[in-house]
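Trainee: Predicted coordinates and the sequence they were generated for:
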Amino acid sequence: MIPPNYFLILSVVLFVLGAIAFFIKRDLITMFMSIEIMLNAANLAFITFARSANSPDGQIIVFFIITVAAAEAAVGLAIILLIFRQKKTIKSEDMKLMKG
Amino acid sequence: MTEIFWLIPFIPAASTLILAVFGKKLPKKYVSFQACLAVFASFVISAISAVGLLQTAHGNYPLVKNLFSWIQAGSFQVNLSLMFDPLSAVMALVVSGVGFIIHVYSIGYMADDEGYTRYFTYLNLFTFSMLILVMASNLILMFVGWEGVGLCSYLLIGFWFEKHSAANAGKKAFIVNRIGDTGFLLGILFIFIHIGSGEFTAINEAISGGAISVGLATLIAILLFVGATGKSAQIPLYVWLPDAMEGPTPVSALIHAATMVTAGVYMVCRMNLLYTLSETAAQVVALVGAITAVYAATMALTQNDIKRVLAYSTISQIGYMFIGCGVGAYAAGMFHLYTHAFFKSLLFLAAGSVMHALSGEINMKKMGGLRKYLPLTYPTFLIGAIAIAGVPFFSGFFSKDAILTRAFAQGQYSAFYYFIWGLGIMGAVLTALYMFRLIFLTFHGEERLDPEVKKHIHESPKIMTIPLVILAFFSVGAGYIGLPVVLGEKLNFFGKFLEPVIKEVQEVHLSIQTEWMLIAIAAVVAFLGIFIAYVFYIRSPLIPRNLATRFPTIYKLMFNKYYVDEIYNAVFVKPTIKGSEIIYDNFDLKVIDGAVNGAATATGFAGKILSYFQSGLIKDYALIFLLGVIIFLAYLLF
């Protein structure tokens, strides 16, 4: 049996990859995908802990996360689509309307 | 039927509400009809209640109707309760009766005014406030009425507020009254501290039970009297009343002659036990009244504005009422209040009719010889003048004589009262003199009219002249319910009616010869004044002019109203304005505005620094977010 630490290390690696991608990539779609990777890294950690603690709580939270992520993807993609229609660009640097 | 007396003030109140809310949509005719009807209804109920009062046994006074408990805080309690006793009854009858006649007159006088509805709303509001004042069963509610009439006075003096002088006169009246009200309020507070209740019955019980010392009574009585000098325009706070003539003439008749300005006299009569207890306070009242009576009369002598003469005359006559109160003849003071209400409102309304005829002219130098143009105004004006001058068999004679007789009788105790009596007699000569000066300048002699005005001259419509006739009738007849005691004890019906409220302290008896002599003196004095006026203004008009040139200082002093307005202006008004400006420049602008602006600048500066972090770029936010998470994790782990 694979020890749980392996899964946790994989989860950390995935999360860090997602975070790095979020900061170095410039277009919104890729940034959005890196957020999904980070979410799934968290999912993996949850599942691992649920399994090793022999409790269903972690799994339940994972279902929640998957559901919310699906909804978020729908809304997020729609927003990105609209931004593209308005501004003909999806580069994150071009979006700074909220500058104080 | 007397139980419904509490409705008296609330009928005009309801009418005010309707007019204030729907007035603009209602036709003019309906507005005046409703306003008059409301006051008339009050009058009818007052009359019914007063008749009911006559049939009630003396022990059952006063009738009190407690509507609800208004303020309740610990032992401090104020009820909204009204009471009805002979004193309230007299006042309620005068206010609603004379008020009704003046309402009717106003229909004609204000017919072409743009503010017709507003005028009647205010007039109804005034009637309501005044009735609350005279029917309140405690000092706090009385103070509410007291301030209410002050407000209405302000609103109606400044009725033509587009006119700068009218707006200023309104402000002046309001502010001068505030000064008096400070004293009045302090007096009320002292009563609450030492007696613990503002109910008149409780106060009277406490005073007759000896709960307050003479010194304290003096303090309270004088503080209350300060309020009375403000409202009733006595020295030193009389300055607002002549300026109050900027308002419409019926208002001058109702508020500034017949009712509101006499509120101070009513208050002193209401608190008569207090003034009886403190002889010093009573003497102050008598002295202020006597000096005002003469002083205001001298100013009336030199004025050329027909309404201002009447205004000074009002101040002078209220002085007489205070003489009555000060010498212990409260009933006589009230009696003069009651007769004065008729003849003074008659004089004002007749003066209004003259002004109406002359397209608003108020300068007597531009009148003269009007008697043939105004066949109804002239005789009624003349009757009013005769009544106020104190010619025998007219109402003013009886009331003034009652006051002066009592003042003379009090002289047996202290020579001070002879002095008061002397001032009263002097004032009586001056009263006859200035009234007939007014008559002769206005209605007799050569015509000095502007030709333009003369073309439009006309007698006033019936709606204005009928009230004049009614008031003239009362100016003659009103005195017969309070005949001098020398004609028979029972004939002084008025004094008998007020007896349950006004306790006669010491019965002063004069011999019958002395009484007749005093009556004769009063009559002679009136005729003397009229005779002097006749000589001065009809037979040889050069005399007053010569006098004025012979004694220029005195004439100038009187003509310029003793420069009191100027002195007050220099001593009180200017320093206040200057001081306020200094405070405004240094404190308001620098300290307060500085603090406020400083706070705003500091906030703005802090915001500038923080806004540097709000770049609008999502990655910056994510970075800060990440840093936060790392710091948080570090904190958890180590």
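Mentor: Sure thing, it's come through.

Trainee: give the contact list for residue 71.
Mentor: Chain wasn't specified; assuming chain A. Under the criterion of CB atoms under 8 Å, 6 or more residues apart in numbering or on different chains, residue A:71 has no contact partners. No exception for glycine: its C-beta is placed from N, CA and C like everyone else's.

Trainee: Oops, wrong one, chain B.
Mentor: Here residue B:71 is in contact with B:77, B:78, B:140 (criterion: CB under 8 Å, 6+ apart).

Trainee: Give me the residues contacting stretch B:46-57.
Mentor: Contacts of stretch B:46-57 (CB under 8 Å, 6+ apart): B:1-2, B:4-5, B:8, B:61, B:63, B:84-86, B:89, B:92-93, B:96-97, B:497.

Trainee: Which positions in chain A make contact with chain B?
Mentor: When proximity is defined as CB under 8 Å from any CB of the partner chain, chain A approaches chain B at A:19, A:22, A:23, A:31, A:92, A:93, A:95, A:96, A:97, A:98, A:99, A:100.

Trainee: which stretches of the stretch 151-300 of chain B aren't confidently modelled?
Mentor: Of all residues in the stretch 151-300 of chain B, none has pLDDT under 70.

Trainee: if we can go back for a sec, where strands are concerned, which of the contacts of residue B:71 count?
Mentor: Taking DSSP state E, the ones among these that sit in strands are B:77, B:78.

Trainee: Give me the lowest-pLDDT entry from the contacts of residue B:71.
Mentor: Within those, pLDDT reaches its minimum at residue B:77, with 85.

Trainee: Identify the bridge partners of it.
Mentor: Counting by DSSP bridges, residue B:77 forms beta bridges with residue B:72.

Trainee: And stretch B:154-165, end to end?
Mentor: According to CA to CA, to the nearest Å, stretch B:154-165 extends 13 Å from its N-terminal end residue to its C-terminal end residue.

Trainee: List the buried residues for it?
Mentor: By neighbour count on 16 or more other CB atoms under 10 Å in any protein chain shown, the buried set for stretch B:154-165 is B:154, B:155, B:156, B:157, B:158, B:159, B:160.

Trainee: can you give me the helices for the stretch 301-450 of chain B?
Mentor: Applying DSSP state H, counting those that start in this stretch to the stretch 301-450 of chain B gives helices spanning B:306-326, B:330-357, B:377-389, B:395-410, B:415-443.

Trainee: now the contacts of residue B:71 in a markdown table, with neighbour count?
Mentor: Formatted as a markdown table, those follow (neighbours: other CB atoms under 10 Å in any protein chain shown):
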| residue | neighbour count |
| --- | --- |
| B:77 | 16 |
| B:78 | 19 |
| B:140 | 19 |
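
Trainee: Just give me the closest of the contacts of residue B:71 to residue B:124.
Mentor: Minimum distance to residue B:124 across the contacts of residue B:71 is 23.3 Å, recorded for residue B:140 (CB to CB).

Trainee: can you list the weak-confidence ranges in chain A?
Mentor: Across chain A, residues meeting the criterion (pLDDT under 70) sit at A:100.

Trainee: just so I have it, where are all the helices in it?
Mentor: For chain A, helices defined by DSSP state H occupy the ranges A:4-24, A:28-53, A:57-87.

Trainee: what's the first one packed up against?
Mentor: Here helix A:4-24 is seen to pack against helix A:28-53, helix B:618-637 when contacts are counted using 3 or more CB pairs under 8 Å, 6 or more residues apart in numbering or on different chains; DSSP states H and E.

Trainee: Identify, out of these, the most deeply packed stretch.
Mentor: Scoring those by mean neighbour count under mean count of other CB atoms under 10 Å in any protein chain shown gives helix A:28-53 as the most buried, with a mean of 17.

Trainee: circling back to that earlier point, of all the helices and strands packed on helix A:4-24, which lies closest to residue B:251?
Mentor: Judging the helices and strands packed on helix A:4-24 by CB to CB, what sits closest to residue B:251 is helix B:618-637, at 70.7 Å.

Trainee: For the closest residue to chain A within the stretch 451-600 of chain B, give me the pLDDT.
Mentor: Evaluated by CB to the nearest CB, the stretch 451-600 of chain B has residue B:600 as its residue closest to chain A, separated by 17.8 Å. Predicted confidence (pLDDT) for residue B:600: 95.

Trainee: Could you measure from it over to residue B:133?
Mentor: Between residue B:600 and residue B:133 the distance, using CB to CB, to the nearest Å, works out to 48 Å.

Trainee: likewise residue B:2?
Mentor: Note on residue B:2: its distance to residue B:133, by CB to CB, is 20 Å.

Trainee: Counting by contacts, list what whatever helix or strand residue B:610 lives in packs against.
Mentor: In this assignment (DSSP states H and E), residue B:610 forms part of helix B:593-611. Identification of packing neighbours for helix B:593-611 by 3+ CB pairs under 8 Å, 6+ apart yields no helix or strand.

Trainee: what's the residue most central in space within chain B in contact with, if anything?
Mentor: Per CA atoms, centre = their mean, the C-alpha nearest to the average position across chain B is that of residue B:261, at 1.6 Å. Applying CB under 8 Å, 6+ apart, we find residue B:261 in contact with B:231, B:232, B:233, B:241, B:255, B:314, B:318.

Trainee: swap the cut-off to 10 Å and go again
Mentor: Shown here is residue B:261, whose contacts under the criterion CB atoms under 10 Å, 6 or more residues apart in numbering or on different chains are B:149, B:153, B:231-234, B:238, B:241, B:244, B:255, B:311, B:314-315, B:317-318, B:321, B:337, B:340, B:344.

Trainee: my guess is residue B:196 meets residue B:190, correct?
Mentor: No. Residue B:196 lies out of contact with residue B:190 (CB atoms under 10 Å); the separation is 11.5 Å.

Trainee: Looking at these two, which has the bigger crowd around it?
Mentor: residue B:190 (17 against 14; other CB atoms under 10 Å in any protein chain shown).

Trainee: Quick check: chain neighbours aside, which residue is closest to the more buried one?
Mentor: If the residues on either side of it in the chain are set aside, residue B:190 comes closest to residue B:220, at 4.9 Å by CB to CB, 6 or more residues apart in numbering or on different chains.

Trainee: Quickly note the distance from that neighbour to residue B:184.
Mentor: Between residue B:220 and residue B:184 the computed distance is 11 Å (CB to CB).

Trainee: swap in residue B:522?
Mentor: According to CB to CB, residue B:522 and residue B:184 sit 33 Å apart.

Trainee: related to what we said a few turns ago, only whichever of the contacts of stretch B:46-57 are buried, select them in ChimeraX.
Mentor: Below is the selection syntax for ChimeraX that covers the buried ones among the contacts of stretch B:46-57, with 16+ other CB under 10 Å defining burial:
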select /B:2,5,8,61,63,84,85,86,89,92,93,96,97,497
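
Trainee: Out of the contacts of stretch B:46-57, which two sit at the greatest distance?
Mentor: The two members of the contacts of stretch B:46-57 with the most space between them (CB to CB) are B:61 and B:97, at 21.6 Å.
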